[in-house]
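Asks: This is a predicted model, with the sequence first.
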Amino acid sequence: GEFYFLTRFCTSLVIFIYVFEYHLFSFLWEFLKRKPVLAFGKQTAWGKILVITVGGKRVLNSL
């Protein structure tokens, strides 16, 4: 029922974010090695919000 769907959705979301964070971190690390730290600091928060928003929408659409 409803509860089962909710638990499944939350589990999928957690796994998705966990996996995505890892890839995001690798990407940001490569980025950090090339760019100045200041630019990195400014873009991280917005980049994360954007990625999670876009990624979240994709997950919802694929259900």
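Replies: Sure, I can see it.
Asks: Compute the distance between residue 52 and residue 4, please.
Replies: Shown here: residue 52 relative to residue 4, a distance of 25 Å by CB to CB, to the nearest Å. For every residue, glycine as well, the C-beta is placed using N, CA and C.
Asks: These two: which is more packed in?
Replies: Shown here are residue 52 and residue 4; by other CB atoms under 10 Å, residue 52 has more neighbours (15 against 8).
Asks: tally of neighbours for the closest residue to that one other than its chain neighbours?
Replies: Spatial nearest neighbour of residue 52, excluding adjacent residues (CB to CB, 6 or more residues apart in numbering): residue 17 at 7.1 Å. Residues contacting residue 17 under the criterion other CB under 10 Å number 16.
Asks: mind checking pLDDT for residue 17?
Replies: Note on residue 17: pLDDT of 77.
Asks: ok, which stretches of this protein are helices?
Replies: 2-34, 37-62 (DSSP state H).
Asks: worst average pLDDT in those?
Replies: Looking at the helices of the chain, the bottom one is helix 37-62 with a mean of 70.
Asks: for residue 56, what are its contacts?
Replies: residue 13 (CB atoms under 8 Å, 6 or more residues apart in numbering).
Asks: how far away is it from residue 50?
Replies: 11 Å.
Asks: The nearest residue to residue 12 once chain neighbours are set aside: neighbouring residues, count only.
Replies: Take residue 12 and drop its neighbours on the chain: the residue closest to it by CB to CB, 6+ apart is residue 59, 6.9 Å away. The tally of other residues near residue 59 (other CB under 10 Å) stands at 15.
Asks: Assess the claim that residue 59 and residue 16 are in contact.
Replies: Yes - counting by CB atoms under 8 Å, residue 59 touches residue 16, with 5.7 Å between them.
Asks: which residues sit in contact with the residue in the chain sticking out farthest from the centre?
Replies: Note on the chain: the largest C-alpha distance from the chain mean falls to residue 1, namely 28.0 Å (CA atoms, centre = their mean). By CB under 8 Å, 6+ apart, the contact list for residue 1 is empty.
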